[in-house]
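Q: give the three-dimensional model of this entry:
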Amino acid sequence: MLLDEIDKVILHELGKNGRISAYHIANILHEMDYKITDRAIRQRLKRLENRHVILGYSVILNPDFVSQKINRTILLKFRYTSRLSDLINELIIYSKDSTFCVFSGKTSGDYDWILHFVFDNIEQYELESNNFLQRFAEIVIDFRSYETKTFKLSPYSFFNNSQLGERKVFVYKILESVEKSRYLQDKLQLIVDGLVKFFNATFARIWLLDRDKQYLILKCSAGKYKNINGEFSKIPINSLKIGHIAKTGKPIFTNDVVNDNRIKYHEWAKKEKLESFAGYPLKHKGKVMGVIAMFTKKKFTIDDFELLEIFSEKISDELSTHFNAQEFLQMI
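A: Numbers count the residues shown, from 1 in each chain. Next up, the predicted model:
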């Protein structure tokens, strides 16, 4: 079954929250410049269910709750037997039916299979693992069992963009260049240069909060507009979309900058043929330290927005040591 961009967004949002309403999905699509009603969303959901794209709606557990249980990751190495194929099929069926197994997959390298189990207590783990190993003893020549602690439990994210893999490589290249740089200002410039080069940004910028947490100071800019001493060089935290991102700690993005009321100069955006804006907070220990933002002349997909959010989180991690350093205090 072929899925259009709206179907992908619907599945992506359901992957994050199976109880999200059609009304809220419609609002998300409106922000991406798709004109669709919540009734149309419900019709699409029904169609996806009838065509068995959606088989059910599951619960996403809080990782703090999951980590209170017994988490075990098991690696299996297989021996070749005439029944190997049949027993692997049995293993797949076991994985799907087991109430304890939350992940199962084939691997390459030293081990052939990986499984992750969550148990209520150690006795349950010992009993089930013994039963499991006895059941598949014919093909298991070696195994490793590791105690694990869950810090992040991500829902299924529906990506089907042929360019996504390439974009991930771009993100890696930017991060790699940033890691090699020693000084904060150099890192910031490499970040915005990378957004222009690899994400086709018309221009990209980074602001950092001043010491009093009242203003965002423009520290670097790349692309068409490189000047950092203009109108937006110092933005009050209660002003404009950039200030809103810093104040709320939440991103802002749109695929309709010409008509979005959060964009200050609509005629300028129209003249520049700008389509999209994406802005994300840079955080350190849960507190906003700055904002990274970019404009482009193409519409972003849901994949782009998701990847940029991940990118901003990685950048925040990379800059975390500088946020504690004297160099950072001197910059602001």
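
Q: so what's residue 278 closest to, chain neighbours aside?
A: residue 253 (4.4 Å; Cβ to Cβ, 6 or more residues apart in numbering). C-betas here are computed from N, CA, C, even on glycine.

Q: contacting residues around the strand or helix carrying the one you found?
A: Using DSSP states H and E, residue 253 falls within strand 252-254. Applying Cβ atoms under 8 Å, 6 or more residues apart in numbering, the external contacts of strand 252-254 come out as 31-33, 241, 244-245, 260, 262-263, 276-279, 300, 305, 308.

Q: quick one, which of those residues are buried?
A: 32-33, 241, 244-245, 260, 263, 276-279, 300, 305, 308 (16 or more other Cβ atoms under 10 Å).

Q: out of those, which sit inside helices?
A: 241, 244, 245, 305, 308 (DSSP state H).

Q: grab the nearest non-local neighbour of the fourth one.
A: Think residue 305. Closest to residue 305 by Cβ to Cβ, 6+ apart is residue 253, at 5.4 Å.

Q: gap between that neighbour and residue 205?
A: 15 Å (Cβ to Cβ, to the nearest Å).

Q: okay, these two: which has more neighbours?
A: Between residue 253 and residue 205, counted using other Cβ atoms under 10 Å, residue 205 has the larger neighbour count: 26 against 20.

Q: who does the more buried one form a beta bridge with?
A: Residue 205 forms beta bridges with residue 221, residue 293, as assigned by DSSP bridges.

Q: list the contacts for it?
A: 192, 218, 220, 221, 222, 232, 292, 293, 294.

Q: and the pLDDT for it?
A: Predicted confidence (pLDDT) for residue 205: 95.

Q: could we number from 563 for the rest of this?
A: Got it, the first residue is 563 from now on, which makes the last one we talked about residue 767.

Q: any idea how far it is from residue 788?
A: 10 Å.

Q: what's the answer for residue 849, then?
A: Distance from residue 849 to residue 788, by Cβ to Cβ: 29 Å.

Q: now do the contacts for residue 588.
A: 598, 599, 600, 602, 603.

Q: pLDDT value on the first one, please?
A: Spelled out, that is residue 598. pLDDT recorded at residue 598 is 91.

Q: partner strands of the strand holding residue 815, with direction?
A: The strands beside strand 814-816 in its sheet (DSSP bridges) come out as strand 838-846 (antiparallel).

Q: got the contact list for the strand it pairs with?
A: Applying Cβ under 8 Å, 6+ apart, the external contacts of strand 838-846 come out as 768, 770, 803-804, 807-808, 811-817, 819, 822, 825, 850-858, 860-862, 866-867, 870-871, 874-875, 877-878, 881-882, 885-886.

Q: need the per-residue pLDDT for the spatially most distant residue from the centre of the chain.
A: Seen from the C-alpha centroid of the chain, the residue lying at the greatest distance (Cα atoms, centre = their mean) is residue 644, 42.6 Å away. Per-residue pLDDT puts residue 644 at 88.

Q: thank you, goodbye.
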